[in-house]
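Colleague: structure for this input, please:
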Amino acid sequence: MTTVRRCAAALAASAVLCVAVAPAAVAGGDVPPAAAPSRSASSTPSPSPAAPEATATPEASATPAPVVIPPGLYGETDPAYDGVWRQSLALLGQFTGGVRPADQAVAWLKGQQCANGAFPAYRADPATACDALTTVDSNSTAAAVQALSTLGGQRVPMDRAIEWLRSVQNQDGGWGYTPGTPSDANSTSLVTGALTVAGVRPSSMRSATGKNAYDALVSLSIPCDAGTPGAADGEAAGSDDAGAFAYQPDTSGRLTANADATAAAVLAGVGKRMVTGPVDTGPAPSCVPMRDLAPERAARNGAAYLAAALAKTGHLDQPPMPGAADSAPVPDPGNTADAIVALMATGYGNQATGALEWLKANSGAWAQENGPAAYAQLIFAAHATGTDPRNFGGIDLVQRLNETGPAPKSVASASASAVHASGAGSGSGLTVLWLAGIALVICVAAGFLISGRGKTQHR
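Modeller: Numbers count the residues shown, from 1 in each chain. Coordinates of the predicted model:
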């Protein structure tokens, strides 16, 4: 759906995942660029590239420059690799919590967009045109589209972003983190959500080979009853991996279960974005073997994997760092929150009850440390489960989010909050207010009419 998730793991794996260079034609977009450096292909904010060899003196490196947070941006940490991402999630979180974002915050996000419609992770000087050194990415762009869709009146920047995403679609129908990198489940799922909120059917956006986003996602789904693609003869997918989605195949083509990728792909497979409301719950999910998986069936198999994973401990764990497979597992509130949203969106909310209670009791310190994107993730989980985000394990998530940046324009009433949190399209809140006003006028007029009739009858 994303976030501060797996940042440490992505940092360690960046050299492995960063396997291609962005094509010159789609790097920054404002001027004909040379080859732009690619960044780690990940659904999370792009990690820092490997630092060059140090040339500064010890005295100079002992006093790093203070981080300057631009006005309008949420969060207090260096925005170089997640500015647009965390801003987009902050605006989505406020919308879901019934809060109208500050104009300054919206303007900051829109100001990050390049002329070709793409968004970078962050550019310090929006007045300077994007160029060959401006590394844009699909995750920042897709998240920005989802955020802008909630504000109303943002059709032009949304359309420009969608056209850029169309221009960098891979031949297999999916998207990588940066243009030219292999498709991954997280990036493809985020773009699928962006297409959905923009009114574009993901199945209709096809590559030159006729493939769409769902084709790419299904190819990353681990079958319930077959050997893992690329595995040795007779080597079947482990029962623990059945139904899950891989982030990407490894160099041999083998698929390995990834909970983060699975949660994102489940949402995309059932046509949902990062913010989704609860669906009527049904029976426990199961992994159903099929020769040709339909996208929704693959998504439901993914939900079965998530339900089984959550049932073990009540939460998901961070994947081990490379070379540290024997280390103790570390609980991952972010992935757990995303898994809850995915299960609720597919109608398997009964399987998320225990994880929700664990999240309420164990996510406060994590969110405080990781900032606005983390608070937004928890708000999404609260909304998906019908939980009050202003009392999530005793924490007012909306207030905490608001405190990380410019004060919102206004805090809606409880009834207006419910309207906003329903996930209705942009402008729906204003429509409800207009209808309420009209109803009030009608009631008042009716009262005067009845009163007048009563006086006439008593004469």
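
Colleague: neighbours of A107, how many?
Modeller: Neighbouring residues of A107 were enumerated by other Cβ atoms under 10 Å; the total is 12. The way it works is simple: take the backbone N, C-alpha and C, and place the C-beta from them, glycine included.

Colleague: skipping its backbone neighbours, what lies nearest it in space?
Modeller: Once flanking residues are discounted, A107 sits nearest to G72: 6.2 Å by Cβ to Cβ, 6 or more residues apart in numbering.

Colleague: just the element for the one you found, please.
Modeller: Element membership of G72 [criterion: DSSP states H and E] is none; it lies in no helix or strand.

Colleague: that one touches K110, doesn't it?
Modeller: No. Here G72 lies out of contact with K110, judged by Cβ atoms under 8 Å, at a distance of 10.2 Å.

Colleague: for the residue nearest to A107, phi and psi?
Modeller: With angles defined as degrees, to the nearest 10, G72 shows backbone torsions of phi 100, psi -20.

Colleague: not counting residues beside it along the chain, what's closest to G371?
Modeller: Using Cβ to Cβ, 6+ apart, the nearest residue to G371 is G75, at 4.4 Å.

Colleague: residue contacts, that neighbour?
Modeller: If a contact means Cβ atoms under 8 Å, 6 or more residues apart in numbering, then G75 has 69, 86, 90, 371-373, 404-405 as its contacts.

Colleague: remind me which helix or strand it belongs to.
Modeller: Here G75 is covered by no helix or strand, with elements defined by DSSP H and E.

Colleague: got it, and the one 10 residues further on?
Modeller: Secondary-structure assignment from DSSP H and E places W85 in helix 83-96.

Colleague: within the sheet, what are the partner strands of the following helix or strand past that helix, with directions?
Modeller: Scanning the chain past helix 83-96 towards its C-terminal end, the next helix or strand to appear is strand 99-100 (assignment: DSSP H and E). Looking at strand 99-100 with DSSP bridges, its paired strands and their directions are strand 410-411 (antiparallel).

Colleague: mind listing what V84 touches?
Modeller: Under the criterion of Cβ under 8 Å, 6+ apart, the neighbours of V84 are 109, 112, 119-122, 140, 143-144.

Colleague: oh, that last question was meant for A367, not what I typed.
Modeller: Listed by Cβ under 8 Å, 6+ apart, the contact partners of A367 are 333, 374-375, 377-378, 395, 397, 400.

Colleague: just for the protein, where's the confidence low?
Modeller: Applying pLDDT under 70 to the chain picks out residues 1-63, 226-239, 321-326, 410-459.

Colleague: please redo it, this time with the cut-off set to 90
Modeller: Low-confidence regions of the chain, defined here as pLDDT under 90, cover residues 1-68, 132-133, 225-240, 277-285, 288-293, 318-329, 409-459.

Colleague: still on that earlier bit, if I look at the residue nearest to G371, how far off is A142?
Modeller: Remark: distance between G75 and A142 (Cβ to Cβ, to the nearest Å) = 19 Å.

Colleague: neighbours around the closest residue to A308 other than its chain neighbours, how many?
Modeller: By the measure of Cβ to Cβ, 6+ apart, the closest residue to A308 outside its immediate chain neighbours is D240, 7.5 Å from it. By other Cβ under 10 Å, 12 other residues sit near D240.
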